[in-house]
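**Student:** Have a look at this fold, sequence not included:
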């Protein structure tokens, strides 16, 4: 039965089609760290020009911008002083109201290149009026309008976090606001960084690559291979227990958490090696992986804790 469980999970994640990467492009924190250092060196040498960045917050909890503030290498301070010119961020900018939106519309009227990062889902209900980001010249501006205006003109568009990628918790049932991911409202490629929240390195690494080389290599779901090429299960420190058939029966035990509902076998991201909070720890230290970086989170990943159940999740 255990082998049937894992086979169902792997089939659901279309593992038969998974991309095999050459050794030099395998996902790990060391490679992205070298990317950061290279970016810093090129910036110091004047080889990389600062690009304008718009950080648009839609239906969400602002968890991704908070996560980004915890970035260490490079830090958020370094990003906004040396890597980009942060034109707009609802949570962080000093101007408010129309003065803040002036900066957005001035950018749209100019020919300046910019990168758009969006966190939060796009509300569609009532022509987007369930999500108003501000008022400009006496008219409300919906998140849907802002996403399309900025998304259609940006040099690169990055969906940051689960909500921006495919709706995430903001689109969880019953989804009264009819929230969707950013890709659903744009007819162009959107680089997707799923996670709840997105790890600072995933965004900063993607940004560094764009500044130096352009768009990074992506998988068939437009996720950067540098961070999303391997399953959590394949690099989990508890994998040896899985291979030996030793499973935790309750939370707090050190064995494989598969039979408690761990979503590591269907979640593709580098949490086991990158870790969180300056690379100190990651969620399975105390609980199961809940699949927050997988498409369909949270509805298709629920229940987060289960007991000796078979599950299969389709992207």
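**Tutor:** Yep, that arrived. Computed from a predicted model, the values in this text were never measured in an experiment. Numbering: from 1, shown residues only.
**Student:** could you pull out the strands for the stretch 1-150 of the chain?
**Tutor:** Counting by DSSP state E, counting those that start in this stretch, the segments of the stretch 1-150 of the chain that form strands are 51-57, 84-89, 114-119, 122-123, 132-136, 139-142.
**Student:** can you redo those strands as TSV with mean neighbour count, distance to residue 270 and mean pLDDT?
**Tutor:** Yep, even glycine has a C-beta here, placed from its N, CA and C like the rest. Output for the strands of the stretch 1-150 of the chain, formatted as TSV (neighbours: other CB atoms under 10 Å; distance: least, CB to CB, whole Å; pLDDT from 0 to 100):
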stretch	mean neighbour count	distance to residue 270	mean pLDDT
strand 51-57	22	23	97
strand 84-89	18	24	96
strand 114-119	27	20	98
strand 122-123	28	27	98
strand 132-136	16	32	91
strand 139-142	15	35	94
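**Student:** for the protein, what helix or strand is lowest in average pLDDT?
**Tutor:** Sorting the helices and strands of the chain by mean pLDDT, DSSP states H and E puts helix 2-12 at the bottom, at a mean of 43.
**Student:** quick revisit: save the strands of the stretch 1-150 of the chain as TSV, and put in distance to residue 177 too.
**Tutor:** As requested, these are exported to TSV (distance: least, CB to CB, whole Å):
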stretch	distance to residue 177
strand 51-57	15
strand 84-89	22
strand 114-119	16
strand 122-123	4
strand 132-136	12
strand 139-142	11
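**Student:** Out of those strands, flag the one nearest residue 237.
**Tutor:** Each of the strands of the stretch 1-150 of the chain has some distance to residue 237 by CB to CB; the shortest is strand 114-119, at 29.7 Å.
**Student:** so that closest one versus strand 84-89, what angle?
**Tutor:** Here strand 114-119 runs at an angle of 50 degrees relative to strand 84-89 (axes from the mean of the first three to the mean of the last three CA atoms, to 10 degrees).
**Student:** Give me the neighbour count for residue 36.
**Tutor:** 19 (other CB atoms under 10 Å).
**Student:** Residue 93 too?
**Tutor:** Here the number of neighbours of residue 93 (other CB under 10 Å) works out to 14.
**Student:** how far away is the residue nearest to it when sequence neighbours are not counted from residue 262?
**Tutor:** Distances taken as CB to CB, 6 or more residues apart in numbering place residue 100 nearest to residue 93, at 5.9 Å, with adjacent residues excluded. Using CB to CB, to the nearest Å, residue 100 is found at 42 Å from residue 262.
**Student:** Can you pick out the residue with more neighbours from those two?
**Tutor:** Each of residue 100 and residue 262 has its neighbours counted (other CB under 10 Å); residue 262 has more, 29 against 18.
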